[in-house]
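Enquirer: Provided below are the primary sequence and the corresponding predicted coordinates.
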Amino acid sequence: MNEDRRILTVSQVNKIADKLLSEISVWVIGEVDDYSDSYKSAIYFKLKDGECVLPCLSWKTDDIGYYPKNGEKILAFGTLSIYPKNGTYRFIISKAESYGEGELLRKREELRKKLLAQGYFDEEIKRKIPELPIKIGLITSKRGAAISDFKTNVVKGFLGLEIYFVDAIVQGDAAVASITGAFKRLSKEKLDVVVLTRGGGDIEDLMCFNTEEVVKAIRACPIPVISAVGHEVDYTLSDLAADLRVSTPTKAAELISGSFVNFRINFENEYEKLGEKFKKIFLDLFYELDIREASLKRSWVNFKTLPRELLELKKRFDSSFLQNLSSLKLHLSSLYEKVNALSPKNILKRGYSMSYLTDGSLVSSVSQVFVNDKMKVRFYDGSVDTVVTKKEK
């Protein structure tokens, strides 16, 4: 009876089991635990799902593509195995990727291809951002740092900007409806540009900017849109759909305020050029008069011709002077209209006021004043003295 038995050693059993399991290649999802790369030839860790634990390893000679940390959820591909010496069951990984981020990136790429084919990212449909935008729509959260970064940097260039702020949720399940609602609201206003912004975050935090609804809201907005989601190396679909993309809220503010700084510099340069041109006109005329005077002195014997020559000189002088003066007047008038539109007085006429402390400094933030402080409030047609009785943020 013993001759009918197939008797195997422990080593043989383990090797048979290892051979059978090694033919099974699977994808496994789980949370990483007990991660250790202190061994010479392999990296050891466990994958768990709340009920069971699977011992894993990856050979250091293999590039598995992604090396996780404890607590991360990953998607791993490999083969099952048994270590013959102690019969330990294990999963040998040949490829790994972050499950959460990898899945989100895959979904974003699929949507990008779909919207690209539908023309939402075409360069031909992108609108030019106005050179001097006065009325600016701002979509972001009042609780984030983006609104402070934007407002602080934008007023450095020009105090007369009008910001139409709409508080929006910029992260989580409610963000998409909040952002699209903000676009609908601002679309009814007569604005020069709309800035969609928030601070940085990981791809999961930014997924509301990678949705079809937000992309379509950007393209449906009748006002040029700047996307300024706070990330440097990656992109969102809102970046691709917007008329202009900048990397951070601060960059958006600097872009807008910089246009006014450049305008002021150009105006000053143009004013200087006009002065030089005017100076040259008079110098040329005086030089010609000097030549004529010298010629007349040498030709005093031809006195009879002097009236005609003087009349001709006067006509030339009048024609040249009036022509250049008219041209300069038109140019200066155009520049005056632009500067006058941006003057503090005209800004005050639109209902704004400017407040000063007793030391004459301009109040630009509520943090500068305290209860019982005295201030002078200036309107376009006068000023009043006032005392702070209450302070709110």
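Expert: Received it, and whenever you're ready, just let me know what you need. Numbers count the residues shown, from 1 in each chain.

Enquirer: just want the phi and psi numbers for the nearest residue to Pro133 once chain neighbours are set aside.
Expert: Nearest residue to Pro133, sequence neighbours excluded (Cβ to Cβ, 6 or more residues apart in numbering): Asp192, at 3.6 Å. In this view, the C-beta of every residue, glycine as well, is placed from N, C-alpha and C. Dihedral angles of Asp192 (phi, psi; degrees, to the nearest 10) stand at phi -90, psi -30.

Enquirer: also the one 4 residues further on?
Expert: Note on Leu196: backbone dihedrals following degrees, to the nearest 10 are phi -100, psi 120.

Enquirer: any idea how far the closest residue to it other than its chain neighbours is from Gly181?
Expert: Spatial nearest neighbour of Leu196, excluding adjacent residues (Cβ to Cβ, 6+ apart): Ile139 at 4.8 Å. With distances taken as Cβ to Cβ, to the nearest Å, Ile139 is found 10 Å from Gly181.

Enquirer: can you check Gly200 too?
Expert: 24 Å.

Enquirer: any stretches of the stretch 51-200 of the chain with poor pLDDT?
Expert: 100-103, 153, 155-160 (pLDDT under 70).

Enquirer: can you give me the helices in it?
Expert: Remark: helices assigned in the stretch 51-200 of the chain by DSSP state H, counting those that start in this stretch are 99-117, 146-154, 175-186.

Enquirer: all strands for the stretch 201-350 of the chain, in order.
Expert: 225-229, 244-245 (DSSP state E, counting those that start in this stretch).

Enquirer: of the ones you listed, flag the one that's most buried.
Expert: strand 225-229 (a mean of 26; mean count of other Cβ atoms under 10 Å).

Enquirer: can I get that strand as PDB, trimmed to CA atoms?
Expert: C-alpha atoms of strand 225-229 as PDB (Å, rounded to 0.1, in the frame of the first residue of the first chain):
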ATOM      1  CA  VAL A 225     -10.800  84.800 -19.200                       C
ATOM      2  CA  ILE A 226      -7.400  84.400 -17.400                       C
ATOM      3  CA  SER A 227      -6.800  81.000 -15.700                       C
ATOM      4  CA  ALA A 228      -4.400  81.400 -12.700                       C
ATOM      5  CA  VAL A 229      -4.600  78.200 -10.800                       C
END
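
Enquirer: now do it against helix 146-154, angle only.
Expert: Here strand 225-229 points in a direction 120 degrees away from that of helix 146-154 (axes from the mean of the first three to the mean of the last three Cα atoms, to 10 degrees).

Enquirer: parallel or antiparallel, which strands does strand 225-229 pair with?
Expert: strand 193-198 (parallel), strand 244-245 (parallel) (DSSP bridges).

Enquirer: tell me the pLDDT of the spatially most central residue of the chain.
Expert: The residue lying closest to the centre of the chain (Cα atoms, centre = their mean) is Ala228, at 2.4 Å. On the pLDDT scale, Ala228 is placed at 89.

Enquirer: run a quick neighbour tally on Trp27.
Expert: 9 (other Cβ atoms under 10 Å).

Enquirer: for it, give its distance to Ile203.
Expert: In terms of Cβ to Cβ, Trp27 sits 21 Å off from Ile203.

Enquirer: in stretch 13-25, what counts as buried?
Expert: Asn14, Ala17, Asp18, Leu21 (16 or more other Cβ atoms under 10 Å).

Enquirer: how is this protein carved up into domains?
Expert: Using automatic domain parsing, the domain ranges for the chain come out as 8-102, 103-258, 264-330, 347-387.

Enquirer: can you tell me which of these is packed in deepest?
Expert: domain 103-258 (a mean of 18).

Enquirer: nearest spatial neighbour of Asn324, chain-adjacent residues omitted?
Expert: Asn324's closest residue in space is Ile281 (Cβ to Cβ, 6+ apart), at 5.2 Å.

Enquirer: shouldn't that neighbour be in contact with Ser320?
Expert: Yes: counting by Cβ atoms under 8 Å, Ser320 is a contact partner of Ile281 at 7.4 Å.

Enquirer: before we move on, back to that, partner residues bridging the residue nearest to Leu196?
Expert: In beta-bridge terms (that is, DSSP bridges), Ile139 pairs with Val166, Leu196.

Enquirer: dump stretch 274-284 to CSV, keeping only the CA atoms.
Expert: Output in CSV follows, covering the C-alpha atoms of stretch 274-284 (Å, rounded to 0.1, in the frame of the first residue of the first chain):
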residue,chain,number,x,y,z
LEU,A,274,7.2,115.6,-28.0
GLY,A,275,9.2,118.1,-26.0
GLU,A,276,12.3,117.3,-28.0
LYS,A,277,10.4,117.5,-31.3
PHE,A,278,8.9,120.9,-30.4
LYS,A,279,12.4,122.2,-29.4
LYS,A,280,13.8,121.0,-32.7
ILE,A,281,11.1,122.8,-34.7
PHE,A,282,11.8,126.1,-33.0
LEU,A,283,15.6,125.7,-33.3
ASP,A,284,15.3,124.9,-37.0
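
Enquirer: how far does that stretch sit from its chain's centre?
Expert: 45 Å (Cα atoms, centre = their mean, to the nearest Å).

Enquirer: ditto for stretch 192-205
Expert: The mean C-alpha position of stretch 192-205 is separated from the chain mean by 7 Å, Cα atoms, centre = their mean.

Enquirer: what does stretch 125-139 give?
Expert: For stretch 125-139, the distance to the chain centre is 13 Å (Cα atoms, centre = their mean).

Enquirer: then stretch 186-195?
Expert: Worked out by Cα atoms, centre = their mean, stretch 186-195 lies 17 Å from the chain centre.

Enquirer: any idea how far Leu111 is from Phe121?
Expert: Distance from Leu111 to Phe121, by Cβ to Cβ: 11 Å.

Enquirer: again, but for Val246
Expert: For Val246 relative to Phe121 (Cβ to Cβ), the value is 17 Å.

Enquirer: again with Lys113
Expert: Applying Cβ to Cβ to Lys113 and Phe121 gives a distance of 10 Å.

Enquirer: repeat that for Tyr67.
Expert: In terms of Cβ to Cβ, Tyr67 sits 34 Å off from Phe121.
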